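# My questions are about this predicted structure, shown below with the sequence.
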Amino acid sequence: MSVETSADGDPVREQLEAPPQFRLECLFDDVDDPSQVTVFPTTTDRAATEWLTVDLGTAVPLDEVR
């Protein structure tokens, strides 16, 4: 088996090593006492089908995402 260790000029490796960037917005089901948060991209023509809703208790603040 052959293993290649050089990553010079490998665009796939460069993409994997760079942190992902997202342009997302979120809405809460109730501003005063939220129980769910819906996250959706801001730069899409398919916003009606590209969203994710989660219970607030399972959501993680962005500054805690690894």
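Okay, I see it.
# roughly how far apart are residue 51 and residue 18?
Residue 51 sits 25 Å away from residue 18, going by Cβ to Cβ, to the nearest Å. C-betas here are computed from N, CA, C, even on glycine.
# if you count what's nearby, which of the two comes out ahead?
residue 51 (16 against 8; other Cβ atoms under 10 Å).
# what about the residue nearest to the more buried one when sequence neighbours are not counted, distance to residue 16?
Nearest residue to residue 51, sequence neighbours excluded (Cβ to Cβ, 6 or more residues apart in numbering): residue 40, at 4.0 Å. Separation of residue 40 from residue 16 (Cβ to Cβ): 25 Å.
# who has more neighbours, those two?
Neighbours were tallied for residue 40 and for residue 16 using other Cβ under 10 Å; the higher tally belongs to residue 40 (17 against 10).
# got the contact list for the more buried one?
By Cβ atoms under 8 Å, 6 or more residues apart in numbering, the contact set of residue 40 is 24-27, 47, 50-52.
# Having no further points to raise, I will conclude here.
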